[in-house]
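Participant: sequence? don't have it. structure:
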Ligand SMILES: [Zn+2]
Ligand SMILES: [Zn+2]
């Protein structure tokens, strides 16, 4: 009897200890699954009389004004001829003006004049006609203007380490002749912030040397270096995910995923950009962005850069059989093939539905991994596809989900849809421990130009010997 009583008491005690834990665990599970999906396309009006337009644009363009192989005027007209809706000229260290104003000429690019490359700009008539769409293409008015985005400048114009940052909407002459310092993204971001200009990190793969070693995109030291800048500067919106023909940035989808994972816990979305980084006419149709806007104006371009209501497109990229595709090297520049297009995106609870066309492969990516992949029939008629996160294991632990569509005409990416569990995000604090400060000091010391130059010469020599 005594024994049975003891057993009963023990059972009651165990119940008292375990029950509250179960209740707490159930509540936690409930809380976890009660996340919401925050769409960057939430405000877009896709259908009806008030439907927003899809505007193709490029925010990274060069000319004879810096180191490109195309005259300033010819570059602008080529973008117009190829159907672009907005364009920012972003010559290295030269802040872009209205296209009917003489661009600033820097002594650094005197060599262009020496080799006979004269800079021409648009007349007032040409400028007005391009802006209002009356300028002809193949003898006929295009009917749709191309908006001039001023204040673009690729900062850190004279660095060997190619730590480039694109500022857009700088005031006139701000940033002119900013030659920069080696491995100093922050200086360029700080300058942009000082002038209230949004900016993004250009072609990080170049600096990471990730085409030679993909693992560099996931190097925690390098990722936290970029994240530290993105988290401390609001005006630094994100990074280029596609750049030009992706000669050095073939794996920057990895870099973007890693930066999203590093920054989202602090509530910072890392916006992805795609740009031609155009130095030759053949780059015009390489990478670009498609902005969803109520109206094609500079103010809306600025707003959309920050909201992320746009898509990234590339037409040229090396194969990636491991993760994101394509299965073969792709180069469909100037092919006339339509790029894969999103025409409607809706979030309903834990479901995201995308309507797209010209795609035969859809991949959903979360926390750096492909979580769902489907082959579909390519057609120019839009078709809808849904992902239901409730059917995916571990979805409550995702920080974000993003969608990629791929077709004969290229690859198009959405921005990240944020998985928001409703918890308050901690404020980012920079690691100022003695060891972190020492590491930063050492990095700065090793970034003295003389060391960077030796390192570059050494690597050139090493690759020449290897060949
Ligand atoms: Zn660059
Ligand atoms: Zn560039």
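Facilitator: Sure, I can see it. Just so we're clear, the structure is a prediction, and the values are computed from it rather than from any experiment. Numbers count the residues shown, from 1 in each chain. Ligands and ions are numbered 1, 2, ... in the order given.
Participant: Might you name the residue of the protein sitting closest to ligand 2?
Facilitator: When distances are taken as C-beta to the ion, the chain approaches ligand 2 most closely through residue 277, which lies 4.2 Å from it. Yep, even glycine has a C-beta here, placed from its N, CA and C like the rest.
Participant: gap between the strand or helix carrying residue 457 and the chain center?
Facilitator: Counting by DSSP states H and E, the element that carries residue 457 is helix 449-466. On the basis of C-alpha atoms, centre = their mean, to the nearest Å, helix 449-466 sits 30 Å off its chain's mean C-alpha point.
Participant: next one: stretch 442-451
Facilitator: Shown here is stretch 442-451, whose average C-alpha point lies 28 Å from the average C-alpha point of the whole chain (C-alpha atoms, centre = their mean).
Participant: Could I get the average pLDDT for that stretch?
Facilitator: Per-residue pLDDT values across stretch 442-451 average out to 86.
Participant: need the contact list for the residue of the chain closest to ligand 2.
Facilitator: Contacts for residue 277 were tallied using C-beta atoms under 8 Å, 6 or more residues apart in numbering; they are 60, 61, 62, 202, 203, 240, 243, 244, 283, 287.
Participant: can you map out the helices along the stretch 301-450 of the chain?
Facilitator: With helices called from DSSP state H, counting those that start in this stretch, the stretch 301-450 of the chain shows them at 434-446, 449-466.
Participant: Report the buried residues of the last one.
Facilitator: Along helix 449-466, these residues count as buried under the neighbour rule (16 or more other C-beta atoms under 10 Å): residue 452.
Participant: got the angle between it and helix 434-446?
Facilitator: Per axes from the mean of the first three to the mean of the last three C-alpha atoms, to 10 degrees, the angle that helix 449-466 makes with helix 434-446 is 70 degrees.
Participant: Which residue would you name as the spatial centre of this protein?
Facilitator: A centroid search over the chain (C-alpha atoms, centre = their mean) returns residue 272, at 1.9 Å, as the residue closest to the centre.
Participant: re earlier: contact partners of the helix holding residue 457?
Facilitator: Applying C-beta under 8 Å, 6+ apart, the set of residues contacting helix 449-466 from outside is 159, 160, 161, 182, 183, 445, 446.
Participant: which parts of the stretch 1-150 of the chain sit against ligand 1?
Facilitator: Within the stretch 1-150 of the chain, no position is adjacent to ligand 1 by C-beta under 5 Å from the ion.
Participant: those strands in the stretch 1-150 of the chain, which residues are they?
Facilitator: Taking DSSP state E, counting those that start in this stretch as the criterion, the stretch 1-150 of the chain carries its strands at 36-38, 53-58, 86-88, 136-137, 140-141, 147-149.
Participant: re earlier: how about the contacts made by the residue nearest to the residue nearest to the centre of the chain when sequence neighbours are not counted?
Facilitator: Setting aside the residues directly before and after it, residue 272 is nearest to residue 241 in space (C-beta to C-beta, 6 or more residues apart in numbering), at 3.9 Å. Residues near residue 241 by C-beta under 8 Å, 6+ apart: 249, 252, 253, 255, 256, 272, 273, 274, 312, 413.
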